[in-house]
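turn this into a model:
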Amino acid sequence: MRRPWLLLVLLATASGLAWLWLDPADFRLGIDPRSREVALLLPREAQGLRTSAAVRRALAELAPPEQREALRAGLARATLDQAERATVGFIPGQPAELSENPPEVSVGGKVIPGLARVQLRGVPHGYLLVHAAPANALLEAAARRRWLGRALIEAGAQAETATIAVGESNDGAFLVATIAFAYKTGDEAEAALARLTEKQGDFEALGFAARPGTDRITRQTKLLVVRLDIETDLVLQALGRR
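Residues are numbered from 1 along each chain as shown. The predicted structure follows:
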């Protein structure tokens with residue numbers, strides 16, 4: 001029976017990173033504030049990583065079908081590889097907005113939670129950050145493309161926002177990602193954690209998500225954070241079919 005390509009990853013540990021206790025200031029990117037999903041790409045950090053080209057192509061799946069090839073071409077252009085950073089704003093009803101070296105601004109632009117930047121630093125060789133507000137469109141794309149298993153999709157269904165940070169292990173054997181779901185209340189975050197652990201049923205494999213005290217951390221921060229370690233060969237095989 002065919003399984004979703006990230007099914008194995010649902011046995012990953014929910015991260016107990018110290019950044020859960022931090023409260024860095026939000027930051028603003030100089031892109032259209034109407035963007036529902038925002039991607040921050042660090043091309044220089046991505047150079048030489050086995051997963052970066054495939055993941056960059058997959059990013060275009062967040063755009064409407066008729067826009068995807070144009071966005072893939074933009075994300076693959078040579079000048080982008082030389083940029084310190086690039087952003088993509090996915091604006092409903094409009095073409096995706098791809099910018100090289102966009103400025104951070106003090107007013108206007110798109111507001112991104114400060115924790116997202118810390119989250120990106122928390123994965124090895126972090127090169128991509130995707131923030132979605134609301135979370136539902138990103139989750140719909142993840143479910144449609146079988147990027148995430150059903151248990152994780154259901155756990156994030158009530159989240160207000162979702163933030164994904166993507167990197168790669170030092171030896172290139174694994175794509176490493178963290179997914180942070182932010183909820184309106186601590187009760188909702190704790191309930192999502194309970195649903196995830198109950199659906200998975202493998203408390204040893206869930207690691208941090210099942211340790212005593214995790215529910216209190218989740219309630220206090222209103223965040224559910226899951227770390228995924230995915231074999232690079234599996235990522236390339238799955239994304240190569242797109």
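
does the residue nearest the centre of the chain lie in a helix or a strand, and which?
Central residue of the chain (CA atoms, centre = their mean): Ile164, 1.4 Å from the mean position. Here Ile164, judged by DSSP states H and E, is contained in strand 161-168.

which other helices and strands contact that strand?
helix 114-121, strand 128-132, helix 136-144, strand 174-182 (3 or more CB pairs under 8 Å, 6 or more residues apart in numbering; DSSP states H and E). All C-beta spots, glycine's among them, are computed from the backbone N, C-alpha and C.

given it, what are its sheet partners and their directions?
Sheet pairing for strand 161-168, assigned by DSSP bridges, gives strand 128-132 (antiparallel), strand 174-182 (antiparallel).

of these, which shows the lowest average pLDDT?
Among the strands paired with strand 161-168, strand 174-182 carries the lowest mean pLDDT, a mean of 90.

from the chain's centre, how far out is it? Work that out for me.
Distance of strand 174-182 from its chain centroid, counting by CA atoms, centre = their mean, to the nearest Å, is 6 Å.

just want the angle from that strand to helix 114-121.
170 degrees (axes from the mean of the first three to the mean of the last three CA atoms, to 10 degrees).

quick one, strand 174-182 and helix 136-144 angle?
140 degrees.

continuing past strand 174-182, what's the next helix or strand?
helix 186-200.

got the buried residues for that next one?
Of all the residues in helix 186-200, those buried under the rule 16 or more other CB atoms under 10 Å are 186, 188-193, 195-197, 200.

output it as PDB - backbone C-alpha positions only.
Output in PDB follows, covering the C-alpha atoms of helix 186-200 (Å, rounded to 0.1, in the frame of the first residue of the first chain):
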ATOM      1  CA  GLY A 186      -3.100  27.500  25.000                       C
ATOM      2  CA  ASP A 187      -6.000  25.100  25.200                       C
ATOM      3  CA  GLU A 188      -6.100  24.700  21.400                       C
ATOM      4  CA  ALA A 189      -2.300  24.100  21.200                       C
ATOM      5  CA  GLU A 190      -2.500  21.500  24.000                       C
ATOM      6  CA  ALA A 191      -5.400  19.800  22.300                       C
ATOM      7  CA  ALA A 192      -3.500  19.700  19.000                       C
ATOM      8  CA  LEU A 193      -0.600  18.100  20.800                       C
ATOM      9  CA  ALA A 194      -2.900  15.500  22.300                       C
ATOM     10  CA  ARG A 195      -4.400  14.700  18.900                       C
ATOM     11  CA  LEU A 196      -1.000  14.300  17.300                       C
ATOM     12  CA  THR A 197       0.300  11.900  20.000                       C
ATOM     13  CA  GLU A 198      -3.000  10.000  20.100                       C
ATOM     14  CA  LYS A 199      -3.100   9.600  16.300                       C
ATOM     15  CA  GLN A 200       0.500   8.500  16.000                       C
END
